[in-house]
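>>> Below are the sequence and a predicted model; questions follow.
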Amino acid sequence: MPALFLARLYPILDVDALARRGLAPLDVIDAWLDAGVALWQLRAKSLPSGPFLELVDAAVHRSRAARARVVVNDRADLARMGDADGVHLGQTDLAPAEARRLLGPAAILGRSTHDEAQTRDACREPISYVAIGPVFGTSSKANPDPLVGLEGVHRAAQLAGDQDLPVVAIGGITLERAAEVLRAGATAVAVIADLLEGDPVRRIALYQRELESLTL
């Protein structure tokens with residue numbers, strides 16, 4: 001598997017979060033791609049398979065044109081049908097080995113973990129990156145897992161570093177908190193709600209400018 005380069009910001013477009021703010025998914029996707037986002041994740045927990053696949057198709061088409069890559073949350077089947085660049089797998093989703101067989105050796109595979117044992121297991125799987133969280137309290141999940149805090153991020157980074165795997169921290173991360181999460185050892189921070197505060201065009205640009213200029 002090729003090594004995965006991650007920018008410090010890993011944006012996640014959550015369809016439900018957009019709906020609560022009256023934002024259209026394609027408008028936000030275009031704004032992110034115009035800002036130079038190179039890798040992002042598409043999440044649609046409550047969207048039926050048909051509309052979700054249509055959105056995957058549109059997201060992949062736009063991302064390809066911008067030379068960006070898109071990862072589908074949970075649904076390896078839709079990632080394959082829509083020719084996405086990979087899938088992000090939760091603990092109850094398809095096993096990474098099965099997803100790897102389905103999507104091939106070049107696909108990006110992310111794995112959510114919520115404690116040290118899960119992170120250890122994930123590091124033995126054929127994945128591209130480990131996600132750890134929630135770091136802080138989050139409104140993006142109805143029943144979130146217990147908080148891992150900065151110490152959980154640090155420990156995940158140690159375990160993943162032994163396998164040369166990047167670590168994505170997620171859960172309640174804001175622009176004000178991102179620096180301390182990166183300094184705890186995360187390669188990148190995954191952000192959902194805070195990227196939608198105010199104007200999405202200005203917000204994504206602010207995140208990129210602030211995070212890429214950090215001295216760690």
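All right, it came through fine.

>>> Quick check: buried residues in the longest helix along the chain?
If you go by DSSP state H, the chain has its longest helix at helix 49-65. Residues of helix 49-65 classed as buried by neighbour count (16 or more other Cβ atoms under 10 Å): 52-53, 55-56, 59-60, 62-63. Any C-beta I mention is one placed from the backbone N, CA and C, and that applies to glycine too.

>>> now those residues in a markdown table, with pLDDT and distance to residue 13?
Converted to a markdown table, the buried residues of helix 49-65 look like this (pLDDT from 0 to 100; distance: Cβ to Cβ, whole Å):
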| residue | pLDDT | distance to residue 13 |
| --- | --- | --- |
| 52 | 98 | 12 |
| 53 | 98 | 16 |
| 55 | 98 | 9 |
| 56 | 98 | 11 |
| 59 | 98 | 8 |
| 60 | 98 | 13 |
| 62 | 98 | 11 |
| 63 | 98 | 11 |
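
>>> if you average pLDDT over whichever helix or strand residue 32 is part of, what comes out?
Element membership for residue 32, per DSSP states H and E: helix 25-34. Averaged across helix 25-34, the pLDDT comes to 97.

>>> after that helix, next one along is what?
Helix 25-34 is succeeded, C-terminally, by strand 39-43 (DSSP H and E).

>>> That following strand to helix 49-65, inter-axis angle?
Using axes from the mean of the first three to the mean of the last three Cα atoms, to 10 degrees, the inter-axis angle of strand 39-43 relative to helix 49-65 is 170 degrees.

>>> Check which helices and strands strand 39-43 is in contact with.
Applying 3 or more Cβ pairs under 8 Å, 6 or more residues apart in numbering; DSSP states H and E, one finds that strand 39-43 contacts strand 9-14, helix 49-65, strand 69-73.

>>> Please name the strands paired to the shortest one in the sheet, noting orientation.
Just to be clear, that refers to strand 69-73. strand 39-43 (parallel), strand 86-89 (parallel) (DSSP bridges).

>>> Any buried residues in whatever helix or strand comes next after the shortest one, and which?
In this case it means strand 86-89. On the C-terminal side of strand 86-89, the closest following helix or strand by DSSP H and E is helix 96-103. Buried residues in helix 96-103, counted by 16+ other Cβ under 10 Å: 96, 99-100, 103.
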